[in-house]
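Engineer: Following is a predicted model, sequence given first.
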Amino acid sequence: MPDLELQGVSPLSFNCEGGLILNRSTFIMQPGQALELENFEPDVGGGYKRMLGFRPFVNQIVPETNTAGEAVLLSTQFNNFVLAARGEKIFSSASSEVSQGVASTTAMTGSGILNMDSTDGFSSSGTVQINSEIFTYTGKTALTLIGVTRATSSTTAAAHAVDDVVSETWTVRDTGRTSAARYNFERYNFDGNEKIIVVDQTNAPTIFNTSLAATDVSNSAVAGAKHIAAFKNHMFYSGMSATPQEIVFSEPFDEDAFVSGQGAGSIKVDDTIVGLRAFRGDLFIFCENRIFKLGGSSLSDFAIVPVTRNIGCVNGFTILEFAGDLVFLGPDGLRTVAGTARIGDVELGTISTNVQQLFRDNLTNAEAFVSLVIPDKTQYRIFFSKEGQAQTSSLGAICVMKGQAFEFSTMKGIRPACADTVVEAGDVVAIHGGFDGFIYRQERSNTFDGALINAKYRSPDLSMGDPGVRKHMQRVNINYAPESTLDADLFVRYDYESSNSIRPAPYPLDSTNVAGTYGSSTYGNAVYGGPSQPIVRKAVEGSGFAVALRVEDGATATAPYTLKGFQLEFQVGARR
């Protein structure tokens, strides 16, 4: 029989797509766009996904030089080592994850075994830490530490789950780096050997080989370099305090040789350089107010041409290759360098036009901003890290390339001091160094290092085409995809959230009747054969001339979930 109570009900259905929009009236926004999208990310698979958190990548704090307030100045991976700099030293460690859980009652007294995803980078014997428990070991295989003794150094045996971090203690690799600032670095191979070179804005550039033996670049002309780039088999240095407009490049295939007659040289531009990046056969030179590119292949034909003399880069640490282009932070938001190059000296619109207000509000004191790319999500993240700001209130933006469009959302609760992304055998490792001295891995954990991820979504104010007619709401149907248990609430708000409009109590979202995922679901809490992307029907109350939907996380940490779309069922009432 037909549902007589719902005769005359009209539906409005929409997918969650378009991202955060801050530059349009709510009257002309598309229903799937968001007026608020915090700690959700536009998902390349469709919808808005509650983002993952971060946790320590190395359980031990990077040792300080003088005070506990020293930030991490370098965080990256090279040859299976984790590299970090803090104070006046550069350190290395090793990190992996437990592949087989360890019970608290498992005895390990010199003959135990720890099963791990990999032991690459770990010493042949030594000490490791899992959570707060310290283990010693006497040997290793490709996937195990052997000869293990647990609960050493006065720690207590505890249970450890699959994917818990196991890490080595820090080893000093270089010292005496006086007044070092945030590092830039470049991985390269000029002589058949993989190397990484680091610059810290004050000291001599330093080269590390695969064994992490350190060698300083001897030429005083590049001491204190701030930027580094390998291009056409030369090493390019810039950012020296005495010559901020000069680029010095080495001889071919030798980063520490600078004889001009052998192919080395220098080039000047007419602006202060803030970053270098090799891209598509050219070396792009980003300055405070201009951008240039260097073409050619050697001293004999290197030539600089301007890309634009009207646009500069605010922060060189935001220059990253993303979605087949170079993205950087300009004075009015995020830009792409290829877009700039196509129209020469003409000013561009930014790719962040939809969230221009977000950048305008946060662009002051941008020197400490940090960026990284999550390539498997086609995602660029920029963190508005600022001096003296609490991590819980630190903001950032997520940019996702979907088709030919960029979609945005905001982040709140992550404050990196430096960051990097490395792809190893298909595994994307996005790490950042904190102002607290730890190295963290993003895209791990359901919390921000133990703090709840407060995610918020708000739709536009939906008038169903006529803001002068009252709508009597009957149901909201939600299509979402939880990965595990879910603790979130749906709020229905009317008339632009006027204080005089009705405010129904929140409607809880849960994962009841959702199909279980092997390896992550708890037996007895999931439904065999249930849907993985359910459509849940919520009977709602209230009426108004415009309706808005909110989703907010609850008070417990849960796995990510994706909002796919909504359908509103309503009856048309009287005209205002």
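Structural biologist: Received, thanks. No experiment lies behind these values; they were computed from the predicted model shown. Numbers count the residues shown, from 1 in each chain.
Engineer: buried sites along stretch 475-484?
Structural biologist: Arg475, Val476, Ile478, Asn479, Tyr480, Ala481, Pro482, Glu483, Ser484 (16 or more other Cβ atoms under 10 Å). From N, CA and C alone the C-beta is placed, and that goes for glycine too.
Engineer: Nearest residue to the last one in space, please, no chain neighbours.
Structural biologist: By that I understand Ser484. Ala559 (3.8 Å; Cβ to Cβ, 6 or more residues apart in numbering).
Engineer: how far away is that neighbour from Gln379?
Structural biologist: For Ala559, the distance to Gln379 equals 19 Å [Cβ to Cβ, to the nearest Å].
Engineer: Which of the two has more residues huddled nearby?
Structural biologist: Using other Cβ atoms under 10 Å as the criterion, Ala559 and Gln379 rank with Gln379 on top: 24 against 16.
Engineer: Quick check: pLDDT value at the more buried one.
Structural biologist: For Gln379, the model assigns a pLDDT of 97.
Engineer: Can you report how many residues neighbour the residue nearest to it when sequence neighbours are not counted?
Structural biologist: Residue nearest to Gln379 in three dimensions, not counting chain neighbours: Val400, with 5.1 Å by Cβ to Cβ, 6+ apart. When neighbours are counted by other Cβ under 10 Å, Val400 registers 21.
Engineer: Check the gap between Val400 and Gly239 for me.
Structural biologist: From Val400 across to Gly239, the span is 31 Å (Cβ to Cβ).
Engineer: For the chain, give me the ranges with low pLDDT.
Structural biologist: Scanning the chain for pLDDT under 70 picks out 1-7, 339-349, 511-533, 576.
Engineer: Show me where it has its helices.
Structural biologist: Secondary structure of the chain, counting by DSSP state H: helices at 337-342, 356-362.
Engineer: Residue nearest the middle of the chain, spatially speaking?
Structural biologist: With distances taken as Cα atoms, centre = their mean, Arg381 lies nearest the centre of the chain, 4.7 Å away.
Engineer: Wait, it touches Leu395, no?
Structural biologist: No: using Cβ atoms under 8 Å, Arg381 is not in contact with Leu395; the gap is 11.6 Å.
Engineer: overlap in contacts of these two?
Structural biologist: Met411 (Cβ atoms under 8 Å, 6 or more residues apart in numbering).
Engineer: you'd agree Leu22 is up against Arg360?
Structural biologist: No: with contacts counted by Cβ under 8 Å, Leu22 stays clear of Arg360, the gap being 9.8 Å.
Engineer: who's more crowded, those two?
Structural biologist: Leu22 (20 against 13).
Engineer: now that one: how far from Met235?
Structural biologist: 42 Å.
Engineer: ok, for Glu387, nearest residue in space, not its chain neighbours?
Structural biologist: Ranked by Cβ to Cβ, 6+ apart and with sequence neighbours excluded, the top spatial neighbour of Glu387 is Ala368, at 6.2 Å.
Engineer: That neighbour: neighbour count?
Structural biologist: Other residues near Ala368 come to 20 when the count uses other Cβ under 10 Å.
Engineer: same question, Val572
Structural biologist: Neighbours around Val572, by other Cβ under 10 Å: 14.
Engineer: which ones are touching the closest residue in space to it that isn't next to it in sequence?
Structural biologist: Closest residue in space to Val572, ignoring its immediate chain neighbours: Val469 at 5.8 Å, by Cβ to Cβ, 6+ apart. Residues near Val469 by Cβ under 8 Å, 6+ apart: Phe545, Val572, Gly573, Ala574, Arg575, Arg576.
Engineer: cool, Phe27 as well?
Structural biologist: So Phe27 contacts Ser463, Pro467 (Cβ under 8 Å, 6+ apart).
Engineer: That one and Pro467, how far apart?
Structural biologist: Distance, Phe27 to Pro467, using Cβ to Cβ: 7 Å.
Engineer: In this model Pro460 seems to touch Trp26, though I could be wrong.
Structural biologist: Just so we're on the same page, residue 26 is Thr rather than Trp. Yes: between Thr26 and Pro460 there is a contact under Cβ under 8 Å: 4.7 Å.
Engineer: Mutual contacts of these two, please.
Structural biologist: Taking Cβ under 8 Å, 6+ apart as the criterion, Thr26 and Pro460 both touch Leu35.
Engineer: mind listing the strands for the stretch 451-576 of the chain?
Structural biologist: 456-458, 469-482, 488-494, 507-509, 535-539, 543-544, 547-553, 561-575 (DSSP state E, counting those that start in this stretch).
Engineer: Identify whichever of these lies nearest to Tyr440.
Structural biologist: Of all the strands of the stretch 451-576 of the chain, it is strand 547-553 that lies closest to Tyr440, at 20.5 Å by Cβ to Cβ.
Engineer: For that closest one, C-alpha coordinates in CSV please.
Structural biologist: Output of strand 547-553 as CSV, limited to C-alpha atoms (Å, rounded to 0.1, in the frame of the first residue of the first chain):
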residue,chain,number,x,y,z
VAL,A,547,17.2,23.8,5.4
ALA,A,548,20.9,23.1,6.1
LEU,A,549,22.5,19.8,7.2
ARG,A,550,25.4,19.5,9.6
VAL,A,551,27.5,16.4,10.4
GLU,A,552,29.9,16.5,13.4
ASP,A,553,32.0,13.9,15.0
